[in-house]
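Participant: What would the 3D arrangement of this be:
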Amino acid sequence: MPSEAPPILDFSVFYGDDTKAKEKLVQDVKKCCLHNGFFQIVGHKVPAELQERTLKCVKEFFALPQEEKNKSHKEQNTWNRGYEKIGSQILEAGTNPDIKEGYYIGEEISKSHPYFVEKKLNSGPNVWPSTVPNAEDFQKTSMEYYKAMHALARDILVVLAQTLDLDERYFAEFTTCAVATLRYLHYPPQPKDSDEKLSRGIGAHTDFGSVTLLMQDEVEGLQVWEKTTNEWLDVKPIKGAYVVNLGNMFMRWSNDRYISNLHRVINKSGKERYSIPFFYSGNPDYVIDCLPNCRKEGEPAKYPPITVEGAVGGSYKASYGAAEAFKKQQTVPNREFYGSSITDSYRIKSELVSKCFEEIGMGRYQWELFVVTGFGWITDNFWSQGIGTIQPSIKLEFTNVTRIGFSSIAYYCGLIFGASFWGISADFIGRKPAFNATLLIGGIFGAAVAGLDNFVGFCIMWAIIGTAAGGNVPVDSMIFLEFVPGSHQYLLTALSAWWNFGQVIVSLIGWVFLANFTCPTNSTPATCKRADNMGWRYTMITLGGLSLVFAIVRIFLFKMPESPRYLLSKGRDAEAVEAVNYVARRNGKPEPLNIAMLQDIDRDLGIAVNLDEGRQGLSRGDIIKENLKDFKSANYKDLFATKKLAHHTTLIWLIWLTVGIAYPLYFNFLPTYLAQKFTEHSSLYLTYRNYCIESSVGVIGPITAAFAVNTRFGRRWMMGGSAIVTGIFLFAYTAANTAAGDLAFACVTGLLGNFMYAIMYAFTPESFPGPHRGTGSGTAATLLRFGGLCASLIGTYTNFTVVPIYISAALWILVGIVSFGLPFETHGRAAI
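Facilitator: Numbers count the residues shown, from 1 in each chain. Here you go, the predicted structure:
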């Protein structure tokens, strides 16, 4: 086909008896559908007089004062009827909101009609303006034109059926009780010097439904993309003609045989431009499946069946969601902050997934996930607190224990490896491997520790436990974040309460076993026999057993798909769609996403649509190898892609390193410190009773933080303020000389420290983009564990005196000051 605007076809022959002329019309339409899905028709049955009256109505409505137009705004209803302001939609990624205003009309549906009751696509009563000149005539003319367009669309579908060698009545069921939208549009003139890369009357896009029929006024502006020459062609207005184009749904229906093509409007005429598109969607319950004659025998369809409601409704969400997201980005734009670290395709798809999760809502699946991801936080504390809990008993029994802190050093070496491997690899092999493996490995080796009777083996075993524990919290945080709707993202902060609950469990188990089955505190390896010192073994068997139970629940009882954000980052769009829709089904909600919606985004960006993701037949090992090919230094460079992102990444990692030293200096070594603080009036029983009380109070910290981060102070100020107050109370704690004072200060500092810790663990994955969330969070967790190693060395070589607590207090205050310097706030923003 030559490089020219869509051909003009005489449609009058459709109504005549000339068989050859009809056949030529069918062949001409078919040629257009195969090329770019665009053609123009004259000789139709819509009266010119009706067209003129309708255009007059359009101009009269948009001439109304803005406050009058706003009275019929479509935001006052949920069925897409009424007025739409300029800038309400973005149809081309990477551009500003469209420079157009519109007015939507559809079938006059009462609120008792089944379509309205069942919330079918764009179905409900029209919202008529009351202040246009002759309001009654405005309604009458609009509905007369609407019905005329319905009839013309049905005629065009008859011809389309014939182009595919189908019976001319093939689409009869599709057109029965069909939904369509008539849209009055006004394009103010764009300045001649405006940037065409950013400013559009309507951005480059493909239409959503089956067919679109457009009547233009005399002002130019419409352009159609010509793929053979890579240029935009002007479609000059022809009085009385209709520009006809196929939509995405028809392209899907034809198995991509017919084309839904890009088009746009740029109005640089210096005049007001008006147009009237008619979007024909069809029966909302009709199932769109591959049309006959659109695939070879034995060839599978490219798309699964989908209803008209699902195909068209999802595309509306994508386009309006993009405009909504753009407006939210004006304060701290995602594009400005993340820069080239993520692609426009990923960013927009991720925003669409966020909208889908908002539509699904916080339901059964997410609450179950809140519990099973909590298992990872619980077991992390099993090991982090568990080792400090049993160390005094180990020192009493094992020979050749020069410094008991060496076991903590071994554990933290394992944690460093585990945090790095599981966290960073989550960006390349996915989130699920760590989710399923870490609890299992920790449970097996945790229980196995109880069988040891030498210190070297004890240290080696704890190093292995550390490799598993290192991945628990960073990966589980990512998983929960990437499945929860943005409205409930604050629950990621509350997730840390499970970590404190794990501390309560360790405290209770220690209270039961260590207080009753441990050698006297003045024992030596020569006098402390295994049979008299079984408390620590019972403790480890119990903790390991619980971890294995948690692992069984995750692997066999709770089904979790791979994270849709990870899948999108790997170009596995179909799997991402299934992951989102799986959550919808578990919550008993309609499936909100389909592959066409994601493919539309790529088309609008000018990206080749990947119709075959190319993973069929690959083994799990092959998939992992394929994904690991992506690992390169560029993934770290992406975390420094912009000045703000580099600043943010640096400060976040510094905070994690500092907290990694400060937190265990106090909390992890507290049992050992308390055990060495005995007087003749104290006992091991009393020590662990107090430890249980402190741990229980600590649970309140993350729960309180979850509510606090939703205030106007947000994450950064709450995190910084709580860190400074924690440091102050730690300094004061060392001065406590009474048992009651000890307990009171320990409870307050525990609550405050866990308050800050919870915000930090939530804020970090929230602030990193999905494709690099594992690398950013995993590196942060690695630095945290390295800080823990430093803390172990400090505790080991100060013999657990008051010095580590002084150091911890100073570091907490430093963390608070640094937190105030973070350049990015995630409060009120869904994670990308």
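Participant: I'd guessed F729 sits against L751; true?
Facilitator: No - at 9.4 Å, F729 does not count as touching L751 under the criterion of C-beta atoms under 8 Å. To be clear about C-beta, it is placed using only N, CA and C from the backbone, and glycine gets the same treatment.
Participant: The two: who's more crowded?
Facilitator: Taking neighbours as other C-beta atoms under 10 Å, F729 and L751 compare with L751 leading, 22 against 19.
Participant: Enumerate every residue touching that one.
Facilitator: Residues touching L751, when contacts are defined by C-beta atoms under 8 Å, 6 or more residues apart in numbering, comprise 697-698, 700-701, 704.
Participant: By neighbours, which of those wins?
Facilitator: Counting neighbours by other C-beta under 10 Å, the top entry in these is G698, with 28 neighbours.
Participant: what sits against that one?
Facilitator: G698 sits next to 500, 503-504, 747, 750-751, 753-754 when contact means C-beta under 8 Å, 6+ apart.
Participant: mind redoing it with 10 Å?
Facilitator: Residues in contact with G698 (C-beta atoms under 10 Å, 6 or more residues apart in numbering) are 496-497, 499-501, 503-504, 507, 667, 746-747, 749-755, 757.
Participant: ok, of the residues you listed, which come out buried?
Facilitator: With neighbours counted by 16 or more other C-beta atoms under 10 Å, these contain buried members at 496-497, 499-501, 503-504, 507, 667, 746-747, 749-755, 757.
Participant: Now, the contacts of G698 that are in helices?
Facilitator: 497, 499-501, 503-504, 507, 746-747, 749-755, 757 (DSSP state H).
Participant: Quick one: name whatever helix or strand follows the longest helix along the chain.
Facilitator: Longest helix in the chain, counting residues (DSSP H): helix 364-397. Counting by DSSP states H and E, the next helix or strand C-terminal to helix 364-397 is helix 405-425.
Participant: chain center to that next one: distance?
Facilitator: For helix 405-425, the gap between its own C-alpha mean and the chain's C-alpha mean amounts to 29 Å (C-alpha atoms, centre = their mean, to the nearest Å).
Participant: what does stretch 456-475 give?
Facilitator: Stretch 456-475 has its C-alpha centroid displaced from the chain centroid by 30 Å (C-alpha atoms, centre = their mean).
Participant: If you count neighbours, what's buried in it?
Facilitator: Taking 16+ other C-beta under 10 Å as the basis for neighbour counts, the residues of stretch 456-475 that come out buried are 458-475.
Participant: tell me which element the closest residue to H73 other than its chain neighbours falls in.
Facilitator: Nearest non-adjacent residue to H73, counting by C-beta to C-beta, 6 or more residues apart in numbering: Y83, 4.9 Å away. Element membership of Y83 [criterion: DSSP H and E] is strand 82-84.
Participant: Pull up the pairing partners for the following helix or strand past that strand, direction included.
Facilitator: Under the assignment DSSP H and E, the closest C-terminal helix or strand after strand 82-84 is strand 101-105. The strands that strand 101-105 pairs with in its sheet are strand 82-84 (antiparallel), strand 179-187 (antiparallel) (by DSSP bridges).
Participant: what is the mean pLDDT for stretch 225-245?
Facilitator: When pLDDT is averaged over stretch 225-245, the result is 90.
Participant: and that stretch, C-alpha only, in CSV?
Facilitator: As requested, the backbone C-alpha atoms of stretch 225-245 are provided in CSV (Å, rounded to 0.1, in the frame of the first residue of the first chain):
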residue,chain,number,x,y,z
TRP,A,225,1.5,5.9,11.8
GLU,A,226,2.9,4.5,8.6
LYS,A,227,5.1,1.5,9.4
THR,A,228,6.6,1.0,6.0
THR,A,229,8.1,4.5,5.9
ASN,A,230,8.3,5.2,9.7
GLU,A,231,6.4,8.4,9.5
TRP,A,232,3.2,10.1,10.7
LEU,A,233,0.7,10.7,7.9
ASP,A,234,-1.8,13.5,8.1
VAL,A,235,-5.5,12.5,7.7
LYS,A,236,-7.1,15.5,6.0
PRO,A,237,-10.7,16.1,7.0
ILE,A,238,-13.3,15.2,4.3
LYS,A,239,-16.7,16.7,4.9
GLY,A,240,-19.2,14.0,5.7
ALA,A,241,-16.7,11.1,5.7
TYR,A,242,-15.9,8.7,8.6
VAL,A,243,-12.4,7.6,9.5
VAL,A,244,-12.8,3.9,10.4
ASN,A,245,-10.1,2.0,12.4
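Participant: Show me which positions of it end up buried.
Facilitator: Buried, per 16+ other C-beta under 10 Å, within stretch 225-245: 225-226, 232-233, 235, 237, 241-245.
Participant: gap between stretch 653-664 and the chain center?
Facilitator: A distance of 28 Å separates the centroid of the chain from that of stretch 653-664, by C-alpha atoms, centre = their mean.
Participant: Which positions in that stretch come out as buried?
Facilitator: When neighbours are counted by 16+ other C-beta under 10 Å, the buried residues of stretch 653-664 are found to be 653-664.
Participant: who's in contact with the strand holding Y83?
Facilitator: With C-beta under 10 Å, 6+ apart as the test, strand 82-84 has contacts from 61-62, 64, 66, 68-76, 98, 100-105, 126-129, 183-185, 320.
Participant: quick one, what contacts M756?
Facilitator: With contacts defined as C-beta under 10 Å, 6+ apart, M756 is in contact with 655, 659, 662-663, 701-702, 705, 718-727, 812, 815-816, 819.
Participant: Go again with 8 Å.
Facilitator: If a contact means C-beta under 8 Å, 6+ apart, then M756 has 659, 705, 719, 722-723, 726, 812, 815 as its contacts.
Participant: Is there a neighbour count for the closest residue in space to it that isn't next to it in sequence? I'd like the number.
Facilitator: Closest residue in space to M756, ignoring its immediate chain neighbours: S722 at 4.1 Å, by C-beta to C-beta, 6+ apart. Neighbouring residues of S722 were enumerated by other C-beta under 10 Å; the total is 28.
Participant: per-residue confidence for S722?
Facilitator: 87.
Participant: and what of I624?
Facilitator: pLDDT for I624: 50.
Participant: what do you get for A735?
Facilitator: As predicted, A735 sits at a pLDDT of 67.
Participant: buried sites along stretch 155-175?
Facilitator: Buried residues in stretch 155-175, defined by neighbour count with 16+ other C-beta under 10 Å: 155-164, 166, 170-171, 174-175.
Participant: out of these, who's nearest I360?
Facilitator: In terms of C-beta to C-beta, no member of the buried residues of stretch 155-175 lies closer to I360 than F174, at 28.6 Å.
Participant: sec struct for the closest one, please.
Facilitator: For F174, the reduced secondary structure class is helix; criterion used: DSSP: H, G, I helix; E, B strand; the rest coil.
Participant: Return the residues in contact with it.
Facilitator: With C-beta under 8 Å, 6+ apart as the criterion, the residues that contact F174 are 157, 210, 282-283, 286, 308.
Participant: shaky segments in the stretch 201-350 of the chain?
Facilitator: By pLDDT under 70, the weakly predicted segments of the stretch 201-350 of the chain are 314-336.
Participant: could you pull out the strands for it?
Facilitator: Using DSSP state E, counting those that start in this stretch, the strands of the stretch 201-350 of the chain run over residues 202-205, 211-216, 222-226, 231-234, 242-246, 263-265, 273-282, 287-288, 306-307.
Participant: any chance of these in JSON lines, plus distance to I441?
Facilitator: JSON lines is the format used below for the strands of the stretch 201-350 of the chain (distance: least, C-beta to C-beta, whole Å):
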{"stretch": "strand 202-205", "distance to I441": "49"}
{"stretch": "strand 211-216", "distance to I441": "57"}
{"stretch": "strand 222-226", "distance to I441": "54"}
{"stretch": "strand 231-234", "distance to I441": "58"}
{"stretch": "strand 242-246", "distance to I441": "54"}
{"stretch": "strand 263-265", "distance to I441": "54"}
{"stretch": "strand 273-282", "distance to I441": "52"}
{"stretch": "strand 287-288", "distance to I441": "47"}
{"stretch": "strand 306-307", "distance to I441": "42"}
